[in-house]
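1. Just need the structure, nothing else, for what follows:
(one chain, ligands or ions: 1)
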Amino acid sequence: MKRVVVGLSGGVDSSVAAYLLQQQGYEVIGLFMKNWHDDSVTISNECPWLEDSNDAMLVAEKLGIPFQVVDLSKEYQDRIVDYMFKEYELGRTPNPDVLCNREIKFDVFMKIALSLGADYVATGHYCRRGITQDTNGNEVYQLKAGVDNNKDQSYFLCQLSQEQLSKALFPIGELTKPEVREIAKELDLVTADKKDSQGLCFIGKVRLPEFLQQKLQPKEGVIVQVPNTFDGYTRKIPVFENKLEELAFHSQKYTYSVANGKIVGKHQGAHYFTKGQRKGLAVGGTQEPLFVIETDVNENVIYAGEGKNHPGLYRKVLFVSNEELHWIREDLALEIGDSMEVLARIRYRQPLEKATLYQVPNGMYVEFENPQSAIQEGQFVAWHLEDELLGSGVIA
Ligand SMILES: Nc1ncnc2c1ncn2[C@@H]1O[C@H](COP(=O)(O)OP(=O)(O)OP(=O)(O)O)[C@@H](O)[C@H]1O
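-> You can find the predicted model right below:
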């Protein structure tokens, strides 16, 4: 009998995942990881991890499977929290959820599971694992979208390796959320009606501004409103000698200076803000709301534009350096000079967009057919062929 350790979060998805594995004949062990426990920054006054671990325990009891709590808060601090602070300090927008899967659930957590004699680690993610063959006839694992289009969570797993996927199971990937809830109701699990955790293992439980203020000191600076007539598209576009020159040009971040607009307000630290952000600017008097179009953490200036169509928010091309480039399907990785038509997204739940990948010596360009809103440095771009996620990279 194969043994599976399932990550029981105290939510409905992993509860049903555990049940389905049992039905499939696996020996199932439930493991709850404590990874975040600073009460001072949680949304409610309760201690959510305690409540969640209790729900996870009740589910395990109901299913009659062994259950254990593991404390991974130190590893979480080292690998996720510290990285968050570092990235925000640099004016970038990290993605802790993608990292949590690569560094915690399918690394530290997986190692614990293997030490318990497990053959696999399972989670309640809405995605599927496939197996195919590369051109040499070797088996390769595929990461596929969940059947429920609305809930597809493959994006969060976009950094997994072949090694990690070889030991991963996603039992609810073939189901829709309503079907999962239905199963939980039929089984009378305490988690059946529990609210979704927004698919976020980190931010969902803390208030980001308060969290960042723990480490990043407030620093007063100005907010500059950039008129809607100033942006990259009104820059003089040169005549390009070749495609690579064009890609390099369009992948550049727009650069603004205080002289490009007028000072309309103050902020408490550019490192607390991210591109595309609307909340927290506290500037009135404009017809449409202001959006952050750029932050300059060195000068501590926030550049804002009026309305979500402000052209400064849009760009067609982004770059991923070779060090930040990850192919799940290593066998399909591009050679220098190659290109590939794909579907791509730059954030969770964004509809997939047509794009072309171009591999160059130091990295890869992703050129979207349509300009993308708020391309955030530090976030992940993930690319797909049909329902398979082939690879991902950190936006430079
Ligand atoms: N604290 C935890 N301990 C163990 N496993 C966890 C924990 N948090 C998340 N997981 C695993 O990762 C999966 C995805 O987590 P996420 O936070 O995105 O929750 P979710 O999609 O709402 O799922 P669920 O309904 O199971 O909480 C979970 O289904 C679970 O298997």
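2. alpha carbons only for contacts and neighbour counts from here, please
-> Noted.
3. Give the buried residues for the one helix or strand Leu143 maps to.
-> Element membership for Leu143 (DSSP states H and E) is strand 139-145. The neighbour-count criterion (16 or more other C-alpha atoms under 10 Å) identifies 140-145 as the buried residues of strand 139-145.
4. between those residues, which is closest to the ligand?
-> Of all the buried residues of strand 139-145, the ligand sits closest to Ala145, with 13.8 Å by C-alpha to the nearest ligand atom.
5. Contact partners for the closest one?
-> Ala145 makes contact with 126-128, 152-154, 173, 387-389 under the criterion C-alpha atoms under 8 Å, 6 or more residues apart in numbering.
6. same thing with Ala396?
-> 318-321, 377-378.
7. Show me the helices in the stretch 201-350 of the chain, by range?
-> Using DSSP state H, counting those that start in this stretch, the helices of the stretch 201-350 of the chain run over 208-213, 243-251.
8. Measure how buried the closest residue to Gly393 other than its chain neighbours is and give me the count.
-> In space, Gly393 comes closest to Leu325 once its chain neighbours are excluded; the distance is 4.5 Å by C-alpha to C-alpha, 6 or more residues apart in numbering. Applying other C-alpha atoms under 10 Å, we find 19 residues neighbouring Leu325.
9. right, and Leu325 touches Leu390 too?
-> No. The pair Leu325 / Leu390 is not scored as a contact, 11.4 Å apart, by C-alpha atoms under 8 Å.
10. Now do the contacts for Leu189.
-> 15, 59, 62 are the contacts of Leu189 under C-alpha under 8 Å, 6+ apart.
11. separation between it and the ligand?
-> As judged by C-alpha to the nearest ligand atom, to the nearest Å, Leu189 and the ligand stand 12 Å apart.
12. So that residue, which state does it fall into?
-> What DSSP: H, G, I helix; E, B strand; the rest coil gives for Leu189 is coil.
13. which non-adjacent residue is nearest the residue in the stretch 251-396 of the chain that the ligand sits nearest to?
-> The ligand sits closest to Tyr348 of the stretch 251-396 of the chain, with a gap of 11.3 Å, by C-alpha to the nearest ligand atom. Nearest non-adjacent residue to Tyr348, counting by C-alpha to C-alpha, 6+ apart: Tyr155, 6.1 Å away.
14. Show me what the helix ranked longest in the chain is packed up against.
-> Of all the elements of type helix in the chain, the one with the most residues (DSSP state H) is helix 48-63. With contacts defined as 3 or more C-alpha pairs under 8 Å, 6 or more residues apart in numbering; DSSP states H and E, helix 48-63 has these neighbours: helix 12-23, strand 27-34, strand 67-71.
15. Could the C-alpha coordinates of it be exported in PDB?
-> Extracted in PDB, the C-alpha atoms of helix 48-63 (Å, rounded to 0.1, in the frame of the first residue of the first chain):
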ATOM      1  CA  PRO A  48      -6.000  31.600  13.000                       C
ATOM      2  CA  TRP A  49      -3.400  28.800  12.900                       C
ATOM      3  CA  LEU A  50      -4.800  27.300  16.100                       C
ATOM      4  CA  GLU A  51      -8.300  27.400  14.800                       C
ATOM      5  CA  ASP A  52      -7.100  25.900  11.500                       C
ATOM      6  CA  SER A  53      -5.000  23.200  13.000                       C
ATOM      7  CA  ASN A  54      -8.000  22.300  15.200                       C
ATOM      8  CA  ASP A  55     -10.200  21.900  12.100                       C
ATOM      9  CA  ALA A  56      -7.600  19.900  10.400                       C
ATOM     10  CA  MET A  57      -7.400  17.600  13.400                       C
ATOM     11  CA  LEU A  58     -11.200  17.200  13.500                       C
ATOM     12  CA  VAL A  59     -11.200  16.200   9.800                       C
ATOM     13  CA  ALA A  60      -8.400  13.700  10.400                       C
ATOM     14  CA  GLU A  61     -10.400  12.300  13.300                       C
ATOM     15  CA  LYS A  62     -13.500  12.000  11.100                       C
ATOM     16  CA  LEU A  63     -11.600  10.200   8.400                       C
END
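16. Show me which parts of that helix are buried, residue by residue.
-> 48-49, 52-60, 63.
17. what is the mean pLDDT for that helix?
-> What helix 48-63 shows for mean pLDDT is 92.
18. Could you do stretch 95-104 as well?
-> 95.
19. again with stretch 269-285
-> For stretch 269-285, the mean confidence score works out to 92.
20. Please apply the same query to stretch 350-362.
-> For stretch 350-362, the per-residue pLDDT averages 98.
21. Begin at 5, not 1, for the rest of this chat.
-> Sounds good: first residue 5 from here, last item stretch 354-366.
22. The closest residue to Val230 other than its chain neighbours: neighbour count?
-> Nearest non-adjacent residue to Val230, counting by C-alpha to C-alpha, 6+ apart: Gly265, 4.5 Å away. Gly265: 18 surrounding residues under other C-alpha under 10 Å.
23. what sits against Gly265?
-> Counted by C-alpha under 8 Å, 6+ apart, Gly265 has contacts 228-231.
24. Need the phi and psi values for the residue of the stretch 255-400 of the chain closest to the ligand.
-> Per-residue torsions, Tyr352: phi -60, psi 140 (degrees, to the nearest 10).
25. Against Leu161, how distant is it?
-> Computed as C-alpha to C-alpha, to the nearest Å, the Tyr352 to Leu161 distance reads 11 Å.
26. So the two - more neighbours on which side?
-> Leu161 (25 against 18).
27. could you give the mean pLDDT of the strand holding Leu147?
-> Here strand 143-149 scores 98 as its mean pLDDT.
28. Distance from that strand to the middle of the chain?
-> 19 Å (C-alpha atoms, centre = their mean, to the nearest Å).
29. Listing partners with orientation, what would you give for that strand?
-> Take DSSP bridges as the rule and strand 143-149 pairs in its sheet with strand 131-137 (antiparallel), strand 392-398 (antiparallel).
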